[in-house]
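**Student:** sequence unknown, structure follows:
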Ligand SMILES: Cc1ncc(COP(=O)(O)O)c(C=O)c1O
């Protein structure tokens, strides 16, 4: 064994800065770790590993939090969309409208039902579904609108409800990024016939693995998803629905989510407060083309992600800025770099570049900055200072 080993050589003269991760889940798990382990022990002692007591308890608590009568735990958010749409009566051949700038799971959920996805553009300032574009995309085959509450902000519930009533359409909410978000007096999940949530670990309410939930106020929709998630069975070994699958929220995951649910409001308001701090700190950089996505729902925005646009007025492009932040030990993300209508897997839908200018422009200019409960204002200052130093640098030609 070596008695001493040489220190690693530093690649620069600068003292290296601590990493600011994009998300740090240890901050929310460490203080409740003993309670999490108690959930595991409880499941072990009860032995109710699948569809156990914690699943039913968490379903009731989550339904109540969303202001709905029923919640059905499933394996992931994608399954909540697929099984939810099927239970809401969407069939092969139905046209279902969705925004082009969403996570691929929204599209996969619609495609798995056999419905025809119809993309529409989004608003440049918020990234949310453009309701005027929805109206133009409606045909006699349109059955539903899947409203994606992107980044933690709801699509206007009043706008959606008026549109749906005018055209006799069903609303389904993809609320995977918007647990307890609010707008115009509505809570995410309380607007549509059904709504899907994801409990992927980094979501505002996250499990320790995959998980999802369908919420609804229609008993028949809830009952159908209960059957679909359990091989299409209506009672043990008696299967009435050929669309059934195995997609259940694990008992241990439900127990952990039940434990975390009481913290969610506080975590969401921490995110909202941190976003307001970012907004203020970034204000001087709007002149340099760094524009935060617009918050039109004030305290109701739950900031699953804090996203800025690196616009054409910015002297550096998004890729350069992201690389420079990374070099400064600041992790960022892009949600999402390729709009759904341009994904190779769905080429057969027949869309091409240029079809949705706002979604395509956003995909080139958005950058998600670190955002999680427990992020400090000092860390935000460091992120903003790092952005300021990159975008304020003199162009290379004038330095030579
Ligand atoms: C908008 C949106 N919809 C659906 C999903 C799918 O959720 P899951 O990953 O739990 O299947 C996600 C999660 O990543 C999402 O962000």
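**Tutor:** Yep, it's here. These numbers were taken from a predicted model, which means no experiment stands behind them.

**Student:** not counting sequence-adjacent ones, nearest residue to the residue of the chain at minimum distance from the ligand?
**Tutor:** Among the residues of the chain, residue 77 lies closest to the ligand, at 2.4 Å counting by C-beta to the nearest ligand atom. Every residue, glycine included, has its C-beta placed from N, CA and C. In space, and not counting its chain neighbours, residue 77 is closest to residue 198: 2.6 Å by C-beta to C-beta, 6 or more residues apart in numbering.

**Student:** contacting residues for the one you found?
**Tutor:** If you count contacts by C-beta atoms under 8 Å, 6 or more residues apart in numbering, residue 198 has them with 76-78, 80, 105, 176-177, 211-212.

**Student:** mind checking how far it is from residue 238?
**Tutor:** Distance, residue 198 to residue 238, using C-beta to C-beta, to the nearest Å: 30 Å.

**Student:** got the residues of this protein near the ligand?
**Tutor:** Those residues of the chain that sit near the ligand, judged by C-beta under 6 Å from any ligand atom, are 76-78, 102-103, 105-106, 148, 174, 176-177, 198, 200, 210, 212.

**Student:** 8 Å instead, please
**Tutor:** Residues of the chain found near the ligand (C-beta under 8 Å from any ligand atom) are 76-81, 102-103, 105-106, 109, 148-150, 174, 176-177, 196, 198-200, 203, 210-212, 304.

**Student:** in helices only, show me those residues.
**Tutor:** Counted as lying in helices by DSSP state H, out of the residues of the chain next to the ligand, are 77-81, 105-106, 109.

**Student:** which pair in those residues spans the largest distance?
**Tutor:** Spanning the widest gap among these are 79 and 106, at 12.7 Å by C-beta to C-beta.

**Student:** the more surrounded of those two?
**Tutor:** For the pair residue 79 and residue 106, the greater number of neighbours falls to residue 79 (29 against 26), based on other C-beta atoms under 10 Å.

**Student:** who's in contact with residue 159?
**Tutor:** The contact partners of residue 159, by C-beta under 8 Å, 6+ apart, come to residue 131.

**Student:** before we move on, back to that, for the residue of the chain closest to the ligand, give me the pLDDT.
**Tutor:** Note on residue 77: pLDDT of 98.

**Student:** what do you get for residue 366?
**Tutor:** Residue 366 is assigned a predicted lDDT (pLDDT) of 98.

**Student:** same check on residue 397?
**Tutor:** Looking at residue 397, its pLDDT is 55.

**Student:** isn't the residue of the chain closest to the ligand up against residue 200?
**Tutor:** Yes. In this structure residue 77 lies within contact range of residue 200 using C-beta atoms under 8 Å: 6.7 Å.

**Student:** by neighbour count, which of the ones in helices among the residues of the chain next to the ligand wins?
**Tutor:** That'd be residue 80 among these, by other C-beta under 10 Å, with 34 neighbours.

**Student:** roughly how far does that residue sit from residue 367?
**Tutor:** 28 Å.

**Student:** next: residue 353.
**Tutor:** Here residue 353 is placed at a distance of 21 Å from residue 367 (C-beta to C-beta).

**Student:** and those two? which has more neighbours close in?
**Tutor:** residue 367 (20 against 10).

**Student:** does the more buried one touch residue 305 like I think?
**Tutor:** No. Using C-beta under 8 Å, residue 367 makes no contact with residue 305, being 10.2 Å away.

**Student:** overlap in contacts, these two.
**Tutor:** residue 333.

**Student:** excluding its backbone neighbours, what's nearest the residue nearest the centre of the chain?
**Tutor:** Geometric centre of the chain, nearest residue: residue 177, 2.7 Å, by C-alpha atoms, centre = their mean. Spatial nearest neighbour of residue 177, chain neighbours left out: residue 304 (4.0 Å); criterion: C-beta to C-beta, 6+ apart.

**Student:** what of residue 106?
**Tutor:** Nearest non-adjacent residue to residue 106 (C-beta to C-beta, 6+ apart): residue 174, at 5.0 Å.

**Student:** repeat that for residue 71.
**Tutor:** Residue nearest to residue 71 in three dimensions, not counting chain neighbours: residue 63, with 3.8 Å by C-beta to C-beta, 6+ apart.

**Student:** okay, and that neighbour sits in which element?
**Tutor:** Residue 63 belongs to helix 53-66 when assigned by DSSP states H and E.

**Student:** now do residue 96
**Tutor:** Counting by DSSP H and E, the element that carries residue 96 is strand 95-99.

**Student:** contacts only, for residue 310.
**Tutor:** Residue 310 sits next to 289-290, 316-318, 321, 365-367 when contact means C-beta under 8 Å, 6+ apart.

**Student:** run through the bridge partners of it.
**Tutor:** Beta bridges link residue 310 to residue 290, judged by DSSP bridges.

**Student:** per-residue pLDDT, it?
**Tutor:** Looking at residue 310, the pLDDT reads 98.

**Student:** thinking again about what came up before, show me which positions of the helix holding residue 63 end up buried.
**Tutor:** Within helix 53-66, the residues that qualify as buried are 54-55, 58-59, 61-63, 65-66, counting by 16 or more other C-beta atoms under 10 Å.

**Student:** could you check the angle helix 53-66 makes with the longest helix belonging to the chain?
**Tutor:** For the chain, the helix reaching the highest residue count under DSSP H is reported as helix 264-282. Counting by axes from the mean of the first three to the mean of the last three C-alpha atoms, to 10 degrees, helix 264-282 points 50 degrees away from the direction of helix 53-66.

**Student:** quick one: list the elements packing against helix 264-282.
**Tutor:** Helices and strands touching helix 264-282, by 3 or more C-beta pairs under 8 Å, 6 or more residues apart in numbering; DSSP states H and E, are strand 290-292, strand 306-310, helix 377-391.

**Student:** what about 6 Å?
**Tutor:** The contact analysis (3 or more C-beta pairs under 6 Å, 6 or more residues apart in numbering; DSSP states H and E) places helix 264-282 against strand 290-292, helix 377-391.

**Student:** I appreciate the help and will end here.
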